[in-house]
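*Asks:* just coords:
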């Protein structure tokens, strides 16, 4: 069964389903053939966002990653203590 063909919305390159990157925002799906095209889209998307909303989103994302790093460090510490 042949895979469905997709088109990168940034550069127009055709690629097969299962390859590339898909981002869903508010129920709409955006497809990119590579991470560089996805990054171009996200950078451009930031230009249209309200700076205050973007600042709040960045703080929340940073907090999430910091908590994840703390959990990883605690897990590593526990693993070293077991040895």
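*Replies:* Structure received. What you are looking at is a predicted structure, and each value in this text was computed from that prediction instead of being measured.
*Asks:* in this protein, which spans are helices?
*Replies:* Using DSSP state H, the helices found in the chain span residues 35-48, 51-82.
*Asks:* mean pLDDT lowest where, among those helices?
*Replies:* Comparing mean pLDDT over the helices of the chain, the weakest stretch is helix 51-82, at a mean of 92.
*Asks:* quick one: it to chain centroid distance?
*Replies:* 16 Å (CA atoms, centre = their mean, to the nearest Å).
*Asks:* before we move on, the earlier item: of the helices of the chain, which stretch is the most buried?
*Replies:* helix 35-48 (a mean of 13; mean count of other CB atoms under 10 Å). C-betas here are computed from N, CA, C, even on glycine.
*Asks:* residues in contact with that helix: which ones?
*Replies:* Defining contact as CB atoms under 8 Å, 6 or more residues apart in numbering, one finds that helix 35-48 is touched by 8-11, 13, 21, 23, 30, 32, 54.
*Asks:* considering the residues you listed, which possesses the most neighbours?
*Replies:* residue 32 (24 neighbours; other CB atoms under 10 Å).
*Asks:* pairing partners for the spatially most central residue of the chain in the sheet, please.
*Replies:* Centroid-nearest residue in the chain: residue 23, 7.4 Å away (criterion: CA atoms, centre = their mean). Bridge pairing for residue 23 (DSSP bridges) gives the partners residue 30.
*Asks:* need the contact list for it.
*Replies:* Residue 23 sits in contact with 29-30, 32, 38, 41-42, where contact means CB under 8 Å, 6+ apart.
*Asks:* do residue 80 as well
*Replies:* By CB under 8 Å, 6+ apart, residue 80 has no neighbours at all.
*Asks:* please renumber so the chain begins at 48
*Replies:* Sure thing, new numbering starts at 48, so read that last one as residue 127.
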